[in-house]
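Q: I'll drop the sequence and a predicted model, then ask my questions.
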Amino acid sequence: MEQGAPGFAGAGGRPDARTDPGAVRVPAQPGAADADRAGGGAAEAAPGEHPHDGRGVPRDRPAVRRSSVRGQVLDALRAALVTGELRPGEVYSAPVLAERFGVSATPVREAMQQLALEGAVEVVPNRGFRVVERGARELAELAEVRALIEVPVMLRLARTVPAERWAELRPLAEATVRAASSGCRASYAEADRAFHRAVLSLAGNGQLVQIAEDLHRRAQWPPAGAAGSVTRGRAELVADAAEHGALLDALIARDLDVVRVLVREHFAGAG
C-alpha cells in the first residue's frame, strides 16, 4: 500500500506538518509544482501511483538552489526513516512526496536514489520507492560488523591518544544526552553519529570513518513491524547516550577491558 509523505495527514490520518511540531519539513520551493508540470515532470501521480488529498506546505518561503533543496530533502527523508514516518515495506511516490514537501519531484527522486544506494529503499518500477524491511538478524549482523571494525580501532586509540584529546569530545557526548532527553529519535541519531564520527576521526583514516558512518546509519533504521511506533523510549535513549560519557572515561583511563565491553554492548543495544 502506498503512503503519503511523512509529516502530513493522509488516508491513514498521519500528522500534518503545519500542526505537528515533530513532523518532517522541507523548505518550500516557490513554483516548484508548476515548474515540474512545465518540464513534463508533473507532480501528478505517475501510472500505478495513487493520488492523495493534495494538501501541501505553504509556498511563500525564499527560493533555494536545487542542490540545496536536494540535500534538505535527503536529510528530511533520512530523519523520517529513523522515526518510522517512512514505514518499512511501504511504497512512496516521488511526485506525491514532492507535492507534500512543496518542492519539485526532481530533488525528491534524486534523494530517493541516494537512499537506494545506501540500501534504505528499493526502486519499484512505475510506482516509486519501497522502504526496505529489515529484521532482528540484520540488526545483530550490523552490530557485529560495527564491533569488528570499531573495537580494535578504539583500543588502539585508547593506547595512543592523550587524555586532553578525549576531553575535547566531552561536549559531543553531552549533546547526545540532551538530544536523547528531548525524546526526538532523529535528533539523537544525528548526535550519536557525530560523537562516533569524532572518535573514529582520531584514527586519521577517512575511509574508516565513511564505512563506519554508513554502517551506523543503517543500524539506526527501525526494523519491520516497528513502523509508526516508538521503538526506543526516552529512557532507553538517555541510557544509550550515557554510555558515551562512560566510554570517554574509560578511554581517558586507558581501561581497555571496559572500552571493549562498553563498545560491544553499545552496538548491541543500538537501533
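A: Thanks, I have it. Numbering: from 1, shown residues only.
Q: in the stretch 151-271 of the chain, where is pLDDT below threshold?
A: Applying pLDDT under 70 to the stretch 151-271 of the chain flags the ranges 225-232, 270-271.
Q: show me where it has helices.
A: Under the criterion DSSP state H, counting those that start in this stretch, helices of the stretch 151-271 of the chain are mapped to 163-167, 170-182, 185-201, 206-219, 234-253, 256-268.
Q: quick one: which of the ones you listed is nearest residue 122?
A: helix 206-219 (14.1 Å; Cβ to Cβ). No exception for glycine: its C-beta is placed from N, CA and C like everyone else's.
Q: tell me which other helices or strands the closest one touches.
A: Where contact means 3 or more Cβ pairs under 8 Å, 6 or more residues apart in numbering; DSSP states H and E, helix 206-219 is packed against helix 136-160, helix 185-201.
Q: how about the ones you listed in a markdown table, adding distance to residue 175 and mean neighbour count?
A: Below are these laid out as a markdown table (distance: least, Cβ to Cβ, whole Å; neighbours: other Cβ atoms under 10 Å):
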| stretch | distance to residue 175 | mean neighbour count |
| --- | --- | --- |
| helix 136-160 | 19 | 16 |
| helix 185-201 | 5 | 21 |
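Q: reformat the ones you listed as TSV; add distance to residue 242.
A: Converted to TSV, the helices and strands packed on helix 206-219 look like this (distance: least, Cβ to Cβ, whole Å):
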stretch	distance to residue 242
helix 136-160	17
helix 185-201	12
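Q: looking at the ones you listed, which is closest to residue 76?
A: Smallest distance to residue 76 across those (Cβ to Cβ): 9.3 Å, for helix 185-201.
Q: now do that closest one and helix 136-160, the angle between them.
A: Interaxial angle of helix 185-201 relative to helix 136-160 (axes from the mean of the first three to the mean of the last three Cα atoms, to 10 degrees): 40 degrees.
Q: which one of the helices of the stretch 151-271 of the chain is the most hemmed in?
A: helix 185-201 (a mean of 21; mean count of other Cβ atoms under 10 Å).
Q: which residues of the stretch 1-150 of the chain fall in helices?
A: 32-38, 66-83, 94-101, 105-117, 136-160.
Q: what's the closest of the ones you listed to residue 238?
A: helix 66-83 (16.8 Å).
Q: other SSEs contacting that closest one?
A: Using 3+ Cβ pairs under 8 Å, 6+ apart, helix 66-83 is in contact with helix 105-117, helix 185-201.
Q: lowest mean pLDDT across the helices of the stretch 1-150 of the chain, which one is that?
A: In terms of mean pLDDT, the lowest-scoring of the helices of the stretch 1-150 of the chain is helix 32-38 (a mean of 41).
Q: what's the closest of the helices of the stretch 151-271 of the chain to residue 97?
A: With Cβ to Cβ, the closest approach to residue 97 among these belongs to helix 185-201: 17.0 Å.
Q: can you redo the helices of the stretch 151-271 of the chain as TSV with distance to residue 145?
A: Listed next are the helices of the stretch 151-271 of the chain as TSV, based on distance: least, Cβ to Cβ, whole Å:
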stretch	distance to residue 145
helix 163-167	25
helix 170-182	22
helix 185-201	14
helix 206-219	6
helix 234-253	19
helix 256-268	9
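Q: these: which one's closest to residue 89?
A: Between residue 89 and these, the tightest spacing by Cβ to Cβ is seen for helix 206-219, at 16.7 Å.
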